[in-house]
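> structure for this input, please:
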Amino acid sequence: MVNSHYNIRSQTLIKANKIPGVKLWPNPVGLGYAGSVAHEYNEGGNHFVVLKNPRRVRYGFAPGSSDCIGFRRESHNGAVMPRFVAIEIKAGKDVLRPAQGNFLKMVKNHGGIAEIVRNPDEVMDILQR
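Alright, predicted model coming up:
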């Protein structure tokens with residue numbers, strides 16, 4: 001699907017990283033499990049892994065943090081400094097969750113660039129302002 005979340009994020013990263021002075025990375029956030037594999041099997045077309053001594057592992061920058069994070073290099077009074085960038089990707093009718101809105105607001109309040117992108121071309125306008 002052309003406008004899936006994954007495709008929008010991928011194209012946004014490609015376009016953003018072509019802008020001189022910009023570097024963005026994907027920032028998946030979630031919860032997984034780690035442990036020793038005790039058993040693996042397939043059933044009904046699904047693959048299952050049974051873990052021994054499982055433990056939860058949270059990954060990503062922070063709860064609600066944006067899909068793409070990085071920086072844009074800017075000049076201030078002759079000094080070159082990075083400015084934090086947070087880009088939240090939304091596809092179709094997806095809406096911002098409260099934690100995501102709070103993260104974007106926090107980034108803006110601290111002088112960063114924080115925006116929602118629904119089309120990869122929007123990132124060019126956002127980062128070239």
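
> residue 15 - how many residues pack around it?
Residue 15 has 18 neighbours, counted by other C-beta atoms under 10 Å. All C-beta atoms are positioned from the backbone trio N, CA, C, and that covers glycine.

> hey, what's residue 37 bridged with?
Assessed by DSSP bridges, residue 37 has beta-bridge partners residue 51.

> may I have the helix or strand containing residue 114 as CSV, with CA atoms only?
In this assignment (DSSP states H and E), residue 114 forms part of strand 113-117. C-alpha atoms of strand 113-117 as CSV (Å, rounded to 0.1, in the frame of the first residue of the first chain):
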residue,chain,number,x,y,z
ILE,A,113,11.0,21.2,15.5
ALA,A,114,8.0,18.9,16.0
GLU,A,115,5.4,18.2,13.4
ILE,A,116,2.9,15.6,12.0
VAL,A,117,3.5,14.3,8.5
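
> ok, it: who's next to it in the sheet?
Paired with strand 113-117 in the same sheet, following DSSP bridges, are strand 79-89 (parallel).

> what about the strands in this protein?
22-26, 30-43, 46-59, 68-76, 79-89, 113-117 (DSSP state E).

> I figured residue 88 hits residue 94, correct?
No. At 9.6 Å, residue 88 does not count as touching residue 94 under the criterion of C-beta atoms under 8 Å.

> mind checking which of these two has more residues around it?
The residue with more neighbours, out of residue 88 and residue 94, is residue 88; 25 against 13, by other C-beta under 10 Å.

> for residue 47, see how far away that one is.
Going from residue 88 to residue 47 by C-beta to C-beta, to the nearest Å gives 31 Å.

> one more: residue 70?
Distance from residue 70 to residue 47, counting by C-beta to C-beta: 34 Å.

> the more surrounded of the two?
Just comparing residue 70 and residue 47: by other C-beta under 10 Å the higher neighbour count belongs to residue 70, 22 against 8.

> which residue comes closest to that one once chain neighbours are left out?
Among residues not flanking residue 70 along the chain, residue 24 sits closest, at 3.7 Å (C-beta to C-beta, 6 or more residues apart in numbering).

> kindly report the same for residue 27.
residue 69 (4.7 Å).
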